[in-house]
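A.B. asks: Curious how this folds, go ahead:
(chains A, B, C and D, ligands or ions: 2)
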2 protein chains.
Amino acid sequence: MISESSKRRISESTIHRLSLYYRLLSVLEKESKETVSSKELAEREKLTPAQVRKDLSFFGSFGTRGLGYPVSELKRRIGEILGLDRQWSVALIGVGNIGSALVGYKEFQRQGFNIKLIFDNDQRKIGSNHKGIVVADIKNLEKELRENKIEIVVIAVPATVAQYIVDDVVKAGIKAILNFAPVNLKVPEDVFLRNENMSMELEYLSFALVNLFNGRGTNR
Amino acid sequence: MISESSKRRISESTIHRLSLYYRLLSVLEKESKETVSSKELAEREKLTPAQVRKDLSFFGSFGTRGLGYPVSELKRRIGEILGLDRQWSVALIGVGNIGSALVGYKEFQRQGFNIKLIFDNDQRKIGSNHKGIVVADIKNLEKELRENKIEIVVIAVPATVAQYIVDDVVKAGIKAILNFAPVNLKVPEDVFLRNENMSMELEYLSFALVNLFNGRGTNR
DNA sequence: TTATATTTGTGAATCAATTCACATTCATTA
DNA sequence: TAATGAATGTGAATTGATTCACAAATATAA
Ligand SMILES: NC(=O)c1ccc[n+]([C@@H]2O[C@H](COP(=O)([O-])OP(=O)(O)OC[C@H]3O[C@@H](n4cnc5c(N)ncnc54)[C@H](O)[C@@H]3O)[C@@H](O)[C@H]2O)c1
Ligand SMILES: NC(=O)c1ccc[n+]([C@@H]2O[C@H](COP(=O)([O-])OP(=O)(O)OC[C@H]3O[C@@H](n4cnc5c(N)ncnc54)[C@H](O)[C@@H]3O)[C@@H](O)[C@H]2O)c1
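C.D. replies: Ligands and ions are numbered 1, 2, ... in the order given. So this is what the prediction gives:
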């Protein structure tokens, strides 16, 4: 829904900031605030007002000069841009430590990310019930992904097997993958792959503590 | 350990790429590769050779012209830069879904991030044993953090209480925090705060599926 | 209705990150 | 020991992202 046949390429940072605005607008909505200025949005996210306005301007003009942006309306529009105005069918592969945590996380569902299928290869886990979902056998991966029209796959298996799993996921026609395994997965050009790398953030803190103790802390 | 009184400011992306190089060098070391060129490092991380060389050049010159970089030596040097040549004392606050997963994750320890303390406010959890660590009462937070010389704190409590917890953590003199709660925490300038925001990555995938279906997939 | 105050939306300017391109250095081979 | 090839390290050029600055639009108050 990028206006005018996506003239400009939208940067990753802009999209991440849209997520921040979306979350903040939800808070403002709860506080029954009707409008909000770029100045206020910026202050609450430690950004500049110009940045906020520029980010939004890529997608249209949502504000009123002299007044600001209508909170609920802007939230709705950003939701549309991010695809949060619809439901997504998600499958999770690997119900270990991190996989179990994700299944039990209600926030994803609230945002429209519905975990419909869970896979594992451990016979003790297959058939067991996690939050109302029966763990499926990884052997039926491709068939089940297709039959259930899964759109997003979350990888939470050991790093050693992640590439094999991803190859099968790609074969099943999946175009969006979120990977928790600390490994560089290879996917075709037309598949979106994002990595959730917790070690990286710990390492950033470690670097900061060792190197930056004159400078200041940095949020993301 | 930035050379020459940290003239240049090192960008966040450079540090994240150092993490990637570090992981890749571990793999190359296991494969008994002695040297590696910027070209090969770049190919395996989908970067350009110039980028790799520039990143490393901020910290010194580690390579040999005509030959490349010595794998083990470079890994050691990057480890030093990232502070992975030492042990870090970490405390985890909140042993719920995600907190339990983190406690059970051996990879952090292998990298020198040792979870020494776990806190919760749930009486049923306090005193119970998680992977050899007894859950402490959140009431003793400040005292315990100081006595155990904790350097990094991981926040895994509900978003509603995260700010109160962080305030206490800061009072205890902690300068590095990794936060999993989806909320914008306020910390003083001299405290490093990083946010691990999984929703953000799912939202990026959602955006990509809705908007970018002419373009291509993008790794991080 | 007019004047004043706000705040947007956006080109232009600036700042930052990435890529280019090449002199320099070293390994290797003849 | 000289010639060849490979790959680094780094200023310069380029590309991209952020900030500036201001005209235009609207709200609000007189
Ligand atoms: N636990 C954490 O906090 C954490 C943090 C960051 C990253 N990670 C990464 O996430 C991944 C999972 O970590 P974890 O701690 O949950 O590990 P885990 O061992 O607890 O869970 C892995 C799960 O995958 C299943 N599995 C293994 N092979 C499979 C296959 N071929 N097909 C289907 N399922 C298979 C296992 O049966 C198990 O249930 C790992 O790559 C890990 O490095 C974990
Ligand atoms: N579960 C996930 O997969 C996931 C993913 C992304 C983000 N998160 C975020 O991580 C945080 C934890 O999520 P969760 O699913 O583990 O929740 P959870 O409810 O399972 O765990 C929260 C834990 O914090 C403890 N707690 C509550 N108040 C406390 C206090 N004042 N002091 C100390 N401990 C306290 C609770 O007793 C509980 O053990 C939340 O902010 C959540 O939004 C979770």
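A.B. asks: Report the contact partners of A:Ile93.
C.D. replies: Under the criterion of Cβ atoms under 8 Å, 6 or more residues apart in numbering or on different chains, the neighbours of A:Ile93 are A:99, A:118-120, A:138, A:141, A:153-157, A:165, A:169. Using the backbone N, CA and C atoms, a C-beta is placed for each residue, glycine as well.
A.B. asks: Can I get the residues you listed in a markdown table including distance to chain B and secondary structure?
C.D. replies: Shown next, in a markdown table, are the contacts of A:Ile93 (distance: Cβ to the nearest Cβ, whole Å; DSSP: H, G, I helix; E, B strand; the rest coil):
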| residue | distance to chain B | secondary structure |
| --- | --- | --- |
| A:Gly99 | 8 | helix |
| A:Ile118 | 15 | strand |
| A:Phe119 | 18 | strand |
| A:Asp120 | 15 | strand |
| A:Ile138 | 20 | helix |
| A:Leu141 | 19 | helix |
| A:Val153 | 10 | strand |
| A:Val154 | 8 | strand |
| A:Ile155 | 12 | strand |
| A:Ala156 | 9 | coil |
| A:Val157 | 14 | coil |
| A:Ile165 | 17 | helix |
| A:Val169 | 13 | helix |
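A.B. asks: name the element A:Tyr164 belongs to?
C.D. replies: Using DSSP states H and E, A:Tyr164 sits in helix A:159-171.
A.B. asks: Closest residue of chain A to ligand 1?
C.D. replies: Of all residues in chain A, A:Gly96 sits closest to ligand 1, with a separation of 1.6 Å (Cβ to the nearest ligand atom).
A.B. asks: what is the mean pLDDT for the longest helix anywhere in chain A?
C.D. replies: Criterion DSSP state H: the longest helix present in chain A is helix A:12-30. Here helix A:12-30 scores 97 as its mean pLDDT.
A.B. asks: which of the residues in it are buried?
C.D. replies: By 16 or more other Cβ atoms under 10 Å in any protein chain shown, the buried positions in helix A:12-30 come out as A:14-25, A:28-29.
A.B. asks: And it, what does it pack against?
C.D. replies: Using 3 or more Cβ pairs under 8 Å, 6 or more residues apart in numbering or on different chains; DSSP states H and E, the elements in contact with helix A:12-30 are helix A:38-45, helix A:49-57, helix A:71-82, helix B:198-211.
A.B. asks: if I pick A:Ala176, what's in contact with it?
C.D. replies: Applying Cβ under 8 Å, 6+ apart, the residues contacting A:Ala176 are A:151-153, A:191-192, B:205-206, B:208-209.
A.B. asks: what's across from it in the sheet?
C.D. replies: Beta-bridge partners for A:Ala176, by DSSP bridges, are A:Phe192.
A.B. asks: so where is chain A shaky, pLDDT-wise?
C.D. replies: Scanning chain A for pLDDT under 70 picks out A:1-8, A:214-220.
A.B. asks: Now do A:Lys125 against A:Val103, distance only.
C.D. replies: Separation of A:Lys125 from A:Val103 (Cβ to Cβ, to the nearest Å): 12 Å.
A.B. asks: Enumerate every residue touching the residue nearest to A:Ser72 when sequence neighbours are not counted.
C.D. replies: Excluding its sequence neighbours, the residue lying closest to A:Ser72 (Cβ to Cβ, 6 or more residues apart in numbering or on different chains) is A:Glu29, at 5.7 Å. Shown in contact with A:Glu29 (Cβ under 8 Å, 6+ apart): A:71-72, A:75.
A.B. asks: Tabulate those (CSV), appending distance to ligand 2 and neighbour count.
C.D. replies: Converted to CSV, the contacts of A:Glu29 look like this (distance: Cβ to the nearest ligand atom, whole Å; neighbours: other Cβ atoms under 10 Å in any protein chain shown):
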residue, distance to ligand 2, neighbour count
A:Val71, 22, 21
A:Ser72, 23, 15
A:Lys75, 19, 22
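A.B. asks: out of the residues you listed, which one sits closest to DNA strand C?
C.D. replies: For those, the residue nearest DNA strand C by Cβ to the nearest atom of the strand is A:Val71; the value is 11.3 Å.
A.B. asks: now the nearest residue to that closest one once chain neighbours are set aside: how far from B:Val103?
C.D. replies: In this structure, A:Val71 finds its nearest non-sequential neighbour in A:Leu28, 4.9 Å apart by Cβ to Cβ, 6+ apart. A:Leu28 sits at a distance of 35 Å from B:Val103 (criterion: Cβ to Cβ).
A.B. asks: Equivalent analysis for A:Phe180, please.
C.D. replies: Separation of A:Phe180 from B:Val103 (Cβ to Cβ): 16 Å.
A.B. asks: who's more crowded, the two?
C.D. replies: Remark: of A:Phe180 and B:Val103, A:Phe180 carries more neighbours, 25 against 20, as counted by other Cβ atoms under 10 Å in any protein chain shown.
A.B. asks: Can you give me the distance of that one to A:Leu141?
C.D. replies: Distance of A:Phe180 to A:Leu141, computed by Cβ to Cβ: 17 Å.
A.B. asks: cool, A:Ile15 as well?
C.D. replies: Between A:Ile15 and A:Leu141 the distance is 29 Å, computed by Cβ to Cβ.
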